[in-house]
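Asker: have a look; sequence and predicted model below, questions after that.
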Amino acid sequence: MAGRYATALFDLARDQNQIAVVEGSLATLRAALAQSDDFRQLTTSPLVSRSAAGRAVTAAAREMGIDALTVNFLGVLASNRRLAALGDISRAFGQLAAAYRGEASAQVTSAHPLTGDQVDALKAQLKARVGRDVSVDLTVDPAILGGLVVRIGSQMIDSSIRTRLNTLAHAMKG
């Protein structure tokens, strides 16, 4: 379902030459979902009516400086009760945008937020490995303790401390 909504938004953004703008707006919304429990609850609560959720989300989006196309899209999501899928839609849109630009798309999970220099170094390493530019979708998961988990298509590179500790514990059991 997220793929269909992402494709519809991508087609509109491409037709209006707004792919980069919408991609930035969706990244801002994804960050808001990660940082604000209130915003996350607004998008997922079945107790909030469609119209109230639509008004609240679009008002919050305007305050965040979200572009008009994405604000209208949020209204459609609210009226269809699909705001809970916003994170998945955002990731799918990012993959479509990366493919459109001829880039590979990577989902990167780290234990702590990465700095700009770290992201640039990671992109360079991934470009050397894949052979083309790579766009990264960053998420933070403290449960991995340290290191990174990188997914590019069907490939997964797991250098997290959690995985290393689990491997060591398994090896010690014999």
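Answerer: Yep, it's here.

Asker: low-confidence ranges in the protein?
Answerer: Under the criterion pLDDT under 70, the flagged ranges of the chain are 174.

Asker: strands along that one, start to end?
Answerer: With strands called from DSSP state E, the chain shows them at 104-110, 134-140, 148-152, 155-158.

Asker: quick one: contacts of the shortest one?
Answerer: If you take Cβ atoms under 8 Å, 6 or more residues apart in numbering as the criterion, strand 155-158 is touched by 147-151. C-beta: built from backbone N, CA, C; applies to glycine.

Asker: check contacts around Arg164.
Answerer: Contact analysis of Arg164 by Cβ under 8 Å, 6+ apart lists Gly147.

Asker: equivalent analysis for Ser110, please.
Answerer: 138-141, 144, 147-148.

Asker: hmm, try it at 10 Å
Answerer: Taking Cβ atoms under 10 Å, 6 or more residues apart in numbering, we find Ser110 in contact with 118-119, 122, 138-142, 144, 146-150, 160.

Asker: ok, now Ala92?
Answerer: Listed by Cβ under 10 Å, 6+ apart, the contact set of Ala92 reads 1-7, 9-10, 26, 85, 105.

Asker: what subset of those is buried?
Answerer: Using 16 or more other Cβ atoms under 10 Å as the burial test, those include 2, 5-6, 9-10, 26, 85, 105 as buried.

Asker: pull the most distant pair out of the residues you listed.
Answerer: Taking Cβ to Cβ as the measure, those span a maximum distance of 18.4 Å, between Ala85 and Ser105.

Asker: what about the residue lying closest to Tyr5 once chain neighbours are set aside, how many neighbours?
Answerer: Excluding the flanking residues, the one nearest Tyr5 by Cβ to Cβ, 6 or more residues apart in numbering is Ile89, at 4.8 Å. Counted by other Cβ atoms under 10 Å, the residues lying close to Ile89 total 26.

Asker: need the contact partners of stretch 93-102.
Answerer: Counting contacts by Cβ under 10 Å, 6+ apart, the residues outside stretch 93-102 that touch it are 2-3, 5-11, 13-14, 19-20, 22-23, 25-27, 30, 70, 73, 103-107, 132-137, 153.

Asker: please produce a PyMOL select command covering the buried subset of the residues you listed.
Answerer: Selecting just the buried residues from the contacts of stretch 93-102 in PyMOL takes one command, with 16+ other Cβ under 10 Å as the test:
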select buried, resi 2+5+6+9+10+13+19+22+23+25+26+30+70+73+103+104+105+106+107+134+135+136+137
